[in-house]
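J.: Okay, sequence plus prediction incoming.
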Amino acid sequence: MDKVSEFLKISQQFRLGHLTTEAPHHLTQEMSHLAVNNLASALHVLHQVDLLALTVIERALPGMWELHQRVAATFKRGNDVLLVGCGATGRLSLVIETLSLQEKRYPGRVRAFMAGGDYALVKSVESFEDRTHYGARQLHDLGFKDGDLLLAITEGGETPFVIGACNEAARIGFESPWFLYCNPDMTLEGLDRCREVLNNPHIKKLNLTCGPMALTGSTRMQASTVQMAAAGLAILHDWPSKQALGDFITRWRESYAQLDFTGLIPFIESEAATHGAKGNTTYSSEASLAVSILTDTTERSPTFSQPAFENIQEAGAPSPIYLSVEGAKTAQQAWEHLLGRAPRCLEWEELNGRINMSVLAGFDISEAAIERRGGDLVEFKLGNGRVSWQRQGLTWSQPLLDKSALTTHLQLKMALNMLSTLMMGRRGFYLDNVMTWVRPSNNKLIDRASRYVQLLAGRRGTQLNYEQTVKLVIEEMDKELEGPVVLRVLAGLGIKL
């Protein structure tokens, strides 16, 4: 059976265009135009989309309070709390573990893993997301035991890897695992794997539906923000009452509404110009901020088909973006400073050493990266109640709305999401609010690329059959040419954008 037939045979389980997280946002339909012509307006729109998404945390207060109580009870009886995610949710899970170590809050008893292990912080591991048994296997690798609490986090609510880990935790533990997701139940019930979780009485659900993403389908943005907030507030803080938690959430959102992001404009313009001229940028940060900066920079690769971080063990030019951790003299030291612990990579025999610690060490994010790469330098500083950005004579600082490490990282995450989204928009890496450069590296993304071809063709008067579009997308993928698959398919059809 060829690749097209294989995908179409199972496509009903990966056709996700009906999900809220996959829908275009009504406020961002002119985002590609604004990114080029009016950055102030573009930043305002993104700020408003974030604010709309954050309202879900207030609405979800009863569930968040119950989750916090279960976390507290788990710690009290001497058990551990584990988090699992894939892609953006895996990275946010690791951020929460890192913050628990930085703040010495139950150190070692909050543990997180993502599909593909810590290696996947830098580069997603193909095939892991689509395999439920890999989720269960990594859960056991991390030492999950009866009585531990698992937070299974998936933006769309349909990721097989996360579902596999969640089902396994429900099978072996008396403490119900929690399933955090961002789509209405009724839209997920048509998928067999989702229905199994939603109908399992031994799995607790926390629905965080927060609307469409600012960039269509880019769940690294609003979905992962609200899930990071919900999980982090449950794990990283002590709340005396539901009222105290609710008051904090309301106060923080209202304060976030008052922030001004126009100071990002020269940083967006400068970085877009650098990358447009084939230059590169290195972000330098103290260890306390580094994990969230790493998250945004590495997620630009799958979102916009950008080269992933270069590995010094391989030949090749520097990637457009990289990270350097202040004070780290070696790659091993840099990873330990960033994570607050030694990296955990998968040493499974069948992986043939492709994603183990020796390979991760080739991503040298120590101070040596600055001299090795040359190019432009952006420095991040934390102090005096502010996060400051500096780049070639440019300086911008944003006041922190709260002293907690969680909200500091949430603010930084949202600002970096704005910068990277608008910088790539200025360079033409999406059209309207559609990710034309999406890299179809798994079944979900094959469906997404096919839907984007249909959507953009339809806006220009050409209606395409789904099955035929899938065939064109997979054929284009197999050519392994440079440039975006979505745009190459449209060009091959003679559709002008």
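T.: Great, that's in hand.

J.: does residue 390 sit in a helix, a strand or a coil?
T.: strand (DSSP: H, G, I helix; E, B strand; the rest coil).

J.: quick one, what contacts it?
T.: With contact taken as CB atoms under 8 Å, 6 or more residues apart in numbering, residue 390 is in contact with 378-379, 381. (C-beta placed from N, C-alpha, C; glycine too.)

J.: Same question for residue 145.
T.: With CB under 8 Å, 6+ apart, residue 145 has these contacts: 79-80, 173.

J.: which one among those residues gets closest to residue 118?
T.: Of all the contacts of residue 145, residue 80 has the smallest distance to residue 118: 18.0 Å, by CB to CB.

J.: Confirm for me that that closest one is in contact with residue 146.
T.: No: Residue 80 is beyond contact range of residue 146, at 11.3 Å (criterion: CB atoms under 8 Å).

J.: ok, these two, which is more surrounded?
T.: Counted by other CB atoms under 10 Å, residue 80 and residue 146 do not tie: residue 80 has more neighbours, with 19 against 10.

J.: For stretch 421-435, measure first residue to last.
T.: 10 Å (CA to CA, to the nearest Å).

J.: If you count neighbours, what's buried in that stretch?
T.: The neighbour-count check on stretch 421-435 (16 or more other CB atoms under 10 Å) flags 421-427, 429-435 as buried.

J.: cool, stretch 106-115 as well?
T.: The neighbour-count criterion (16+ other CB under 10 Å) identifies 106, 110-115 as the buried residues of stretch 106-115.

J.: Mind putting the contacts of residue 145 into TSV with secondary structure?
T.: Listed next are these as TSV, based on three-state DSSP:
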residue	secondary structure
79	coil
80	coil
173	coil
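
J.: which one among those gets closest to residue 198?
T.: Lowest distance from residue 198 to these (CB to CB) belongs to residue 173, with 18.7 Å.

J.: Just give the closest residue to the closest one, not the sequence neighbours.
T.: Closest residue to residue 173 apart from its sequence neighbours, by CB to CB, 6 or more residues apart in numbering: residue 146 at 5.1 Å.

J.: cool, and residue 377?
T.: residue 282 (5.6 Å).

J.: What residues are recorded as beta-bridge partners of the one you found?
T.: For residue 282, the beta-bridge partners under DSSP bridges are residue 322, residue 377.

J.: Tell me which residues touch residue 327, please.
T.: By CB under 8 Å, 6+ apart, residue 327 lies in contact with 286-287, 337, 367.

J.: now those: which count as buried?
T.: Using 16+ other CB under 10 Å as the burial test, the contacts of residue 327 include 287, 337, 367 as buried.

J.: Could you tell me which of these are located in helices?
T.: Those of these mapping onto helices are 287, 337, per DSSP state H.

J.: Output the buried ones among the contacts of residue 327 in a markdown table; the columns should cover distance to residue 209 and pLDDT.
T.: As requested, the buried ones among the contacts of residue 327 are arranged in a markdown table below (distance: CB to CB, whole Å; pLDDT from 0 to 100):
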| residue | distance to residue 209 | pLDDT |
| --- | --- | --- |
| 287 | 35 | 97 |
| 337 | 36 | 98 |
| 367 | 43 | 98 |
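
J.: Next, format the buried ones among the contacts of residue 327 as a markdown table and append distance to residue 138.
T.: Rendered in a markdown table, the data for the buried ones among the contacts of residue 327 read as follows (distance: CB to CB, whole Å):
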| residue | distance to residue 138 |
| --- | --- |
| 287 | 25 |
| 337 | 24 |
| 367 | 32 |
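
J.: Out of the buried ones among the contacts of residue 327, which is nearest to residue 452?
T.: Among those, and counting by CB to CB, the member closest to residue 452 is residue 287, at 37.9 Å.

J.: quick one: contacts for the residue lying closest to the closest one once chain neighbours are set aside?
T.: Spatial nearest neighbour of residue 287, chain neighbours left out: residue 337 (4.0 Å); criterion: CB to CB, 6+ apart. The contact partners of residue 337, taken as CB under 8 Å, 6+ apart, are 287, 290, 325, 327-328.

J.: any idea how far residue 311 lies from residue 495?
T.: Using CB to CB, to the nearest Å, residue 311 is found at 37 Å from residue 495.

J.: Just want the most central residue of this protein.
T.: residue 88 (2.0 Å; CA atoms, centre = their mean).

J.: I figured that residue hits residue 220, correct?
T.: Yes: the criterion here is CB under 8 Å, and residue 88 meets it with residue 220 at 4.1 Å.

J.: joint contacts of the two?
T.: Residues touching both residue 88 and residue 220 by CB under 8 Å, 6+ apart: residue 299.

J.: Now do the strands in the stretch 251-400 of the chain.
T.: Assigned by DSSP state E, counting those that start in this stretch, the strands in the stretch 251-400 of the chain fall at 281-285, 321-325, 376-383, 386-391, 394-399.

J.: sorry, back to before: hang on, the residue nearest to residue 173 packs against residue 170?
T.: No: counting by CB under 8 Å, residue 146 sits too far from residue 170 to count as a contact (11.6 Å).

J.: in the chain, what spans have low per-residue confidence?
T.: 1 (pLDDT under 70).

J.: In the record's domain split, what are the boundaries for it?
T.: Segmentation of the chain into domains, based on automatic domain parsing, reads 3-28+432-492, 50-257, 261-426.

J.: now the ones you listed in TSV, with distance to residue 40?
T.: Output for those, formatted as TSV (distance: least, CB to CB, whole Å):
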stretch	distance to residue 40
domain 3-28+432-492	15
domain 50-257	16
domain 261-426	6
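
J.: Could you count how many residues lie near residue 277?
T.: Using other CB under 10 Å, residue 277 has 7 neighbouring residues.

J.: separation between it and residue 357?
T.: Residue 277 sits 36 Å away from residue 357, going by CB to CB.

J.: again with residue 193
T.: 31 Å.

J.: go on, residue 185?
T.: Separation of residue 185 from residue 357 (CB to CB): 40 Å.

J.: which of the two has more neighbours?
T.: Remark: of residue 185 and residue 357, residue 357 carries more neighbours, 18 against 15, as counted by other CB under 10 Å.

J.: what's the closest non-adjacent residue to the more buried one?
T.: Closest residue in space to residue 357, ignoring its immediate chain neighbours: residue 345 at 4.5 Å, by CB to CB, 6+ apart.
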